[in-house]
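K.L.:
Quick one, fold the following:
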Amino acid sequence: MRIGTFVMGTRGGDYEAMLEQTVRCEELGFDTVVLAERHFRHAPLLYPSPLVVGAAIAARTEHVRIGTAGRILSLDHPIHIAESAATLDVLSDGRLDFGVTRASLDEEAHVAFSSPKEDSNGRFTEALEIISRAWGDRPFSFEGEHFTVPEVSVFPKPVQRPHPPLYVVAVSPERLAFASQNGINAYIGAIRTPAELAETADTYRQGLADAGHDPAAHTLSVNRFIYVADSDARARADLEAPFMELMHERAPDLKGALVAKYGSVDELTFDRMLSDFCICGGPETVASRLTEVLEATDTGYLLATLNFVTLGHELCTTSTELFASEVMPALAPSPARV
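P.N.:
Numbering: from 1, shown residues only. Take a look at the predicted model:
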């Protein structure tokens, strides 16, 4: 079992606090720290420059892997992304997990970067092909609808050959199908129920097999919102109001998906989210609910979202400590974690 942590911003936490937290996560036995990309009013939720932040993490750590979930390919030129990601892989001595996503949370970033959202699917597909070819050993050129690249050799080359592990943020059926058809690892799951996760996992693995890829050779990472306190009651008291603020005011993509699913914003209650996907409680409760998720999906990679931009930094770090000391050994016992 591989366990990563999705490093979002916290209330009161700055970049230095986040960097100190990632160092501590390595000490606690997390396998991966994962960053996403958000811009403008959403930037505090995560970070607008994940590869830059990743380089800072690489400078302070020794062995924890550094992931993105994901770099928004439609907003930038793919050669620039290929160069920056390869540089991070070099600086980290081959610790990059390169995750990508199609589009930003809303229209604002696409307008600001002159990248229409309606073009994001085509730009995403072309950009990923260009990045993969840029990391190859031979010069290449590319002629597409959205990007044209003359014959070039791109440097540096990543340490990991032929390239760092690739992941697609597969929150939609279309992205999941793209990942399976192209034999790419996938991140799934933040707001799916265990039953929905099981169906998604089956769909992904069947899609891999249908496309001629070995499902056992590909990684399906399941993301969960997690908060751990000394007791279930204490955990709820700490998280309920901040989590409601997060879902109603700071995560428009998730709110929109949940309202569409539940039928009304009035149904977006903490009890409903707690039942469906938010894991909040004492160590035993959290371990039990995560075991249900892991058994439903047969995943070997849990991505734990333990930071919340609406929750105080100290509460987030305390929850992370409890998760590592009390929950992780129950999920993935090993000499490094016991």
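
K.L.:
Only C-alpha atoms from now on, for both contacts and neighbour counts.
P.N.:
Fine.

K.L.:
contacting residues around the closest residue to residue 28 other than its chain neighbours?
P.N.:
Setting aside the residues directly before and after it, residue 28 is nearest to residue 324 in space (Cα to Cα, 6 or more residues apart in numbering), at 6.1 Å. Shown in contact with residue 324 (Cα atoms under 8 Å, 6 or more residues apart in numbering): 28-30.

K.L.:
helices or strands up against the longest strand belonging to the chain?
P.N.:
Scanning the chain for the longest strand, with DSSP state E as the assignment, gives strand 220-228. In terms of contacts (3 or more Cα pairs under 8 Å, 6 or more residues apart in numbering; DSSP states H and E), strand 220-228 is packed against strand 185-188, helix 232-245, strand 278-281, helix 283-297, strand 301-305, helix 313-322.

K.L.:
Partner strands of that strand, with direction?
P.N.:
Partner strands for strand 220-228, per DSSP bridges, with pairing direction: strand 185-188 (parallel), strand 278-281 (parallel), strand 301-305 (parallel).

K.L.:
who wins for proximity to residue 137 among those?
P.N.:
Closest approach to residue 137 among these is made by strand 185-188 (22.7 Å; Cα to Cα).

K.L.:
Let's see the closest one as CSV, backbone CA atoms only.
P.N.:
Provided in CSV are the C-alpha atoms of strand 185-188 (Å, rounded to 0.1, in the frame of the first residue of the first chain):
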residue,chain,number,x,y,z
ASN,A,185,-2.3,5.9,-14.4
ALA,A,186,-5.4,7.7,-12.9
TYR,A,187,-6.4,9.7,-9.9
ILE,A,188,-10.1,9.3,-9.0
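
K.L.:
following it, which helix or strand comes up?
P.N.:
helix 194-210 (DSSP states H and E).

K.L.:
now the angle from that following helix to strand 220-228?
P.N.:
Angle, helix 194-210 to strand 220-228, by axes from the mean of the first three to the mean of the last three Cα atoms, to 10 degrees: 160 degrees.

K.L.:
Skipping its backbone neighbours, what lies nearest residue 150 in space?
P.N.:
residue 141 (4.9 Å).

K.L.:
cool, and residue 122?
P.N.:
Excluding its sequence neighbours, the residue lying closest to residue 122 (Cα to Cα, 6+ apart) is residue 146, at 7.2 Å.

K.L.:
Help me confirm that the one you found is found in a strand?
P.N.:
No - counting by DSSP: H, G, I helix; E, B strand; the rest coil, residue 146 is not found in a strand; it is coil.

K.L.:
Now do the contacts for it.
P.N.:
Neighbours of residue 146 in contact, by Cα under 8 Å, 6+ apart: 122-123, 126.

K.L.:
Considering those, which possesses the most neighbours?
P.N.:
Within the contacts of residue 146, most neighbours by other Cα atoms under 10 Å means residue 123, with 25 neighbours.

K.L.:
how about the host helix or strand of it as PDB, C-alpha atoms only?
P.N.:
Element membership of residue 123, judged by DSSP H and E, is helix 120-134. Extracted in PDB, the C-alpha atoms of helix 120-134 (Å, rounded to 0.1, in the frame of the first residue of the first chain):
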ATOM      1  CA  SER A 120      -9.300  22.500 -23.700                       C
ATOM      2  CA  ASN A 121      -9.900  18.900 -24.700                       C
ATOM      3  CA  GLY A 122      -7.900  19.300 -28.000                       C
ATOM      4  CA  ARG A 123      -5.200  21.300 -26.300                       C
ATOM      5  CA  PHE A 124      -4.900  18.700 -23.500                       C
ATOM      6  CA  THR A 125      -4.500  15.800 -26.000                       C
ATOM      7  CA  GLU A 126      -2.000  17.500 -28.200                       C
ATOM      8  CA  ALA A 127       0.000  18.900 -25.200                       C
ATOM      9  CA  LEU A 128       0.400  15.500 -23.600                       C
ATOM     10  CA  GLU A 129       1.700  14.000 -26.900                       C
ATOM     11  CA  ILE A 130       4.200  16.800 -27.300                       C
ATOM     12  CA  ILE A 131       5.400  16.500 -23.700                       C
ATOM     13  CA  SER A 132       5.900  12.700 -24.100                       C
ATOM     14  CA  ARG A 133       7.800  13.200 -27.300                       C
ATOM     15  CA  ALA A 134       9.900  16.100 -25.900                       C
END
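
K.L.:
Which strands or helices does the following helix or strand past that helix pack on?
P.N.:
The element immediately downstream of helix 120-134 (helix or strand, assigned by DSSP H and E) is strand 140-143. Here strand 140-143 touches helix 120-134, strand 148-152, going by 3+ Cα pairs under 8 Å, 6+ apart.
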